[in-house]
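1. Mind folding the following:
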Amino acid sequence: MGKTETDDTTPLQTLSAGGGDEATHGKETNDTDKVNAPLQSKPSPEPSSGRKSEESTKSASLEQEDDIAALTKGLDSVSIAPKPSVKEYEAPKEIKIVADMLSSNKYKNVVILTGAGVSCNAGIPDFRTPGTGLYDNLQKYDLPFPEAVFDLGFYRRNPDPFIQLASELWPGKHSPTITHSFIALLEKKGMLLRVYTQNIDMLDVLAGVSEEKMIECHGHFRTASCTNCSRSHDGKECKRVIVEEKRPPKCKHCGGYVKPDIVFFGEDLPTIFHRNVKKDMKKADLLIVMGTSLMVGPVNMIPEMVSKTIPRVLFNRELVGTFQKRNGPRTRKKSYDTNSKRDTFYGGDCDASIQMLCNLLGWEDELLKLNSSARCT
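-> Below is the predicted model of the structure:
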């Protein structure tokens, strides 16, 4: 339906004409008169004398000044709230809680506990995720049970499955994740007491965490030992034989099989773990746990070793161990009353959670730069 001529008449013009049918009667006016008519002041009555005119003008002037003063005072009392940032809109409350902790300058002895979940984005599978986990993809090795690949007795009888797996997972092919770089950033800011990792990928060190801050609970690939006589073996030679020749190294002293110094089922944890864990947990003022099922002992007891007054944070795909959602549904666990107040759990991908956290803290640029500098070329 096209636009009619009457549509061109503006509301202002209608008002100027007086509105209704009366606009079509009486004295004819031009368009300029119509537009200006409502803007014109009502005609003032003729003053009876010059003095009365002066008094009227003076009174009007005073009233105008009073109105301006009142308006100015009113505007001065108006405050405009700043527009919330995008970060405040998007960050979940759990991330904000952790950001408040780290920005308070209160925590200078942060203990980190990590599992395989922090390395998934580096291309290293975790152990237990159905379908993609390491244990679900070991069928090609014809193992009696998935954990046998890390069983000391099985390795002595049949080392080939571990050798094939180790040749694929040997450190040097993968780069640190955002989460690894976050741990290095905490050390850089003087907040890190210790990292307890269950991983054997050495990505924390590659990310920039100093070795004195690291406790590799399940060992590492840097050195090697004989599984029979326990004598040390050259780590670089062990790597060459396993990675390049795809065969198990043999001990020069007793002929037993040599393996990297990673902890197998049936072996004790490194001495450095036992030497430090109790005093570190006593000194810790904040515990952050990331990417772990907390199913393997004795490392899974670390969250229970910190003081009951120490806040605990869990970044993980699911709630594990004795962690509770803050003020979450009541359970029958004896630890509920304490843990539901001191625990903060945020479910999801570790890297995504850490990047949101660093964004709130104003650390994101520094985090990304640190991560970029540590990437394998």
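
2. name the element residue 161 belongs to?
-> helix 160-169 (DSSP states H and E).

3. Actually, residue 339.
-> helix 336-342.

4. Quick check: mean pLDDT of that helix?
-> On average, the pLDDT along helix 336-342 is 70.

5. try stretch 251-263
-> 96.

6. Equivalent analysis for stretch 225-240, please.
-> Averaged over stretch 225-240, pLDDT sits at 96.

7. Flag every buried residue along the host helix or strand of residue 274.
-> Using DSSP H and E, residue 274 falls within helix 271-283. With burial defined by 16 or more other Cβ atoms under 10 Å, the residues of helix 271-283 counted as buried are 273, 277, 280-281. C-beta here means a position set from N, CA and C on the backbone, and glycine is covered the same way.

8. still on that earlier bit, quick check: what element follows the helix holding residue 339 along the chain?
-> Taking DSSP H and E, what comes next after helix 336-342 is strand 343-347.

9. what residue ranges in the stretch 1-150 of the chain score low on pLDDT?
-> Applying pLDDT under 70 to the stretch 1-150 of the chain picks out residues 1-89, 126-137.

10. Flag every buried residue along whichever helix or strand comes after the helix holding residue 161.
-> Using DSSP H and E, the helix or strand that follows helix 160-169 in sequence is helix 178-188. Neighbour-count burial for helix 178-188, counted by 16+ other Cβ under 10 Å, picks out 178-187.

11. before we move on, what about stretch 293-300?
-> Result for stretch 293-300 [16+ other Cβ under 10 Å]: buried residues 293-294, 296, 299-300.

12. Likewise for stretch 219-229?
-> 219-222, 224-227.

13. List just the nearest of those to residue 145.
-> Nearest to residue 145 among the buried residues of stretch 219-229 is residue 227, at 19.4 Å by Cβ to Cβ.

14. who's in contact with that closest one?
-> Applying Cβ atoms under 8 Å, 6 or more residues apart in numbering to residue 227 gives the contacts 152, 155-156, 256-259.

15. same question, residue 150
-> 162, 262, 264-265.

16. Which residue ranges of the stretch 51-200 of the chain form helices?
-> 86-90, 93-103, 152-157, 160-169, 178-188 (DSSP state H, counting those that start in this stretch).

17. Report the lowest-confidence entry in the buried residues of stretch 293-300.
-> Ranking the buried residues of stretch 293-300 by pLDDT, residue 296 lands last with 89.

18. Apart from its neighbours in sequence, what residue is nearest that residue?
-> Once flanking residues are discounted, residue 296 sits nearest to residue 198: 6.6 Å by Cβ to Cβ, 6 or more residues apart in numbering.

19. Please identify the longest strand in the chain, counting by residues.
-> Ranked by residue count under DSSP state E, the longest strand found in the chain is strand 219-226.

20. quick one: strands adjacent to that one?
-> strand 232-233 (antiparallel), strand 258-262 (antiparallel) (DSSP bridges).

21. and the helix or strand that the first one is followed by, which residues are buried?
-> The helix or strand immediately downstream of strand 232-233 is helix 235-239, counting by DSSP H and E. By neighbour count, with 16+ other Cβ under 10 Å as the criterion, the buried positions of helix 235-239 are 235, 238-239.
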